[in-house]
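Asks: have a look at this fold, sequence not included:
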């Protein structure tokens with residue numbers, strides 16, 4: 001019995017050491033995997049730069065830290081526009097594990113500001129090795145159209161910057177419309193492809209908008225591509241295409257768009273195929289195609305062309 005007890009004690013005493021070794025191994029594997037991704041990204045970035053002008057920005061796509069192929073698109077647009085001020089702002093980044101600007105930070109050595117409404121997400125970013133190695137600021141704040149410029153100013157960002165990336169799954173149109181303190185050369189904004197290509201619509205402004213609370217389906221958020229393109233036109237930007245996944249639209253300031261082909265909404269719209277829909281119990285129900293619009297037909301959207309709020313069912317002639 002005593003021998004068994006000693007063996008048990010030895011096992012328990014040794015357990016923390018074993019767990020430490022496991023954690024060290026996990027971190028090492030993660031770091032090596034990240035380095036491999038960065039090296040591959042650097043090679044792909046060099047290929048994109050060497051190619052010259054693409055007729056379709058889809059051909060420049062590759063993914064390192066972006067959710068889809070936007071790392072490659074942004075490397076291409078930056079090569080073509082050559083920003084003098086190598087700074088970015090991205091908000092709606094969650095914990096920055098997956099983001100449009102992280103490859104810019106780590107590969108191109110740009111400085112930047114990231115913002116997310118969840119303090120835990122920004123603390124996670126601050127604990128990451130890239131944070132102390134880079135000129136990055138992480139701010140935890142829920143953005144709206146009334147505070148967005150003040151947040152930028154408080155962080156020391158004003159005037160010309162290289163890139164602005166907007167992805168807040170809600171008031172994207174309204175917040176971008178309100179931004180005036182920074183003048184980005186390139187703007188990337190998430191659009192809701194469920195809204196289609198024909199109507200310029202957005203969710204009505206609500207400072208406290210939260211996607212899942214707005215509608216259980218998780219499909220009622222953001223703005224249509226056409227709405228964003230009309231806003232871009234007002235702000236002096238040209239639409240140069242969306243990613244092949246159908247969720248991010250890319251714009252370049254007109255005075256520096258150069259040889260990059262400019263697209264119409266019809267030419268650049270891509271319908272997304274990924275599944276984000278939920279049933280009333282919060283479970284994934286994998287809605288596709290027109291089923292997604294049917295799920296939110298009783299919701300109201302704001303028509304930015306006509307300046308009025310309408311039901312989706314009436315706008316799209318749904319029963």
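Replies: Perfect, thanks for sending it. These numbers were taken from a predicted model, which means no experiment stands behind them. Residues are numbered from 1 along each chain as shown.

Asks: buried residues in the helix or strand harbouring residue 161?
Replies: Per DSSP states H and E: residue 161 is located in strand 159-166. Neighbour-count burial for strand 159-166, counted by 16 or more other Cβ atoms under 10 Å, picks out 161, 162, 163, 164, 165, 166. For every residue, glycine as well, the C-beta is placed using N, CA and C.

Asks: which strands and helices lie in contact with that strand?
Replies: On a contact count with 3 or more Cβ pairs under 8 Å, 6 or more residues apart in numbering; DSSP states H and E, strand 159-166 meets helix 70-81, strand 87-91, helix 172-178, strand 182-190.

Asks: now these in CSV, with mean neighbour count?
Replies: Below are the helices and strands packed on strand 159-166 laid out as CSV (neighbours: other Cβ atoms under 10 Å):
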stretch, mean neighbour count
helix 70-81, 25
strand 87-91, 24
helix 172-178, 22
strand 182-190, 23
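
Asks: show me what contacts residue 136?
Replies: Residues near residue 136 by Cβ atoms under 8 Å, 6 or more residues apart in numbering: 105, 111, 112, 113, 114, 125, 130.

Asks: highest neighbour count among these?
Replies: Neighbour counts for the contacts of residue 136 (other Cβ atoms under 10 Å) peak at residue 114, which has 28 neighbours.

Asks: how close does residue 237 sit to residue 119?
Replies: 32 Å (Cβ to Cβ, to the nearest Å).

Asks: looking at those two, which is more packed in?
Replies: Taking other Cβ under 10 Å, residue 237 and residue 119 do not tie; residue 237 has more neighbours (23 against 12).

Asks: give me the phi and psi for the more buried one.
Replies: Note on residue 237: its backbone torsions stand at phi -120, psi 150 [degrees, to the nearest 10].

Asks: beta partners of it?
Replies: On the basis of DSSP bridges, residue 237 is bridged to residue 253.

Asks: strands of the stretch 1-150 of the chain, start to end?
Replies: 87-91, 111-116, 136-140 (DSSP state E, counting those that start in this stretch).

Asks: redo these as JSON lines? Include mean pLDDT.
Replies: What follows is the strands of the stretch 1-150 of the chain, written out as JSON lines (pLDDT from 0 to 100):
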{"stretch": "strand 87-91", "mean pLDDT": "98"}
{"stretch": "strand 111-116", "mean pLDDT": "98"}
{"stretch": "strand 136-140", "mean pLDDT": "98"}
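
Asks: closest to residue 213 out of those?
Replies: Among the strands of the stretch 1-150 of the chain, strand 111-116 comes nearest to residue 213, with 17.6 Å by Cβ to Cβ.

Asks: any idea of the angle the closest one forms with strand 182-190?
Replies: Per axes from the mean of the first three to the mean of the last three Cα atoms, to 10 degrees, the angle that strand 111-116 makes with strand 182-190 is 50 degrees.

Asks: packing partners of strand 111-116?
Replies: strand 87-91, helix 102-107, helix 119-127, strand 136-140.

Asks: residue 183 is nearest to which of these?
Replies: Relative to residue 183, the nearest member of those by Cβ to Cβ is strand 87-91, separated by 11.1 Å.

Asks: what pairs with that closest one, parallel or antiparallel?
Replies: Assessed with DSSP bridges, strand 87-91 is paired to strand 111-116 (parallel), strand 159-166 (parallel).

Asks: relative to helix 70-81, how tilted is the last one?
Replies: Comparing the axes of strand 159-166 and helix 70-81 via the same axes, to 10 degrees yields an angle of 160 degrees.

Asks: try the first one
Replies: Using the same axes, to 10 degrees, the inter-axis angle of strand 111-116 relative to helix 70-81 is 140 degrees.

Asks: now do strand 111-116: distance to the chain's middle.
Replies: Put simply, strand 111-116 sits 12 Å off its chain's centre (Cα atoms, centre = their mean, to the nearest Å).

Asks: angle of that strand against strand 136-140?
Replies: Interaxial angle of strand 111-116 relative to strand 136-140 (the same axes, to 10 degrees): 20 degrees.

Asks: got the angle between strand 111-116 and helix 119-127?
Replies: On the basis of the same axes, to 10 degrees, strand 111-116 is oriented at 150 degrees to helix 119-127.

Asks: hmm, who's touching strand 111-116?
Replies: Outside strand 111-116, the residues that reach it (Cβ under 8 Å, 6+ apart) are 86-96, 99, 101, 104-105, 122, 125, 134-141, 143, 151-152, 155, 157.
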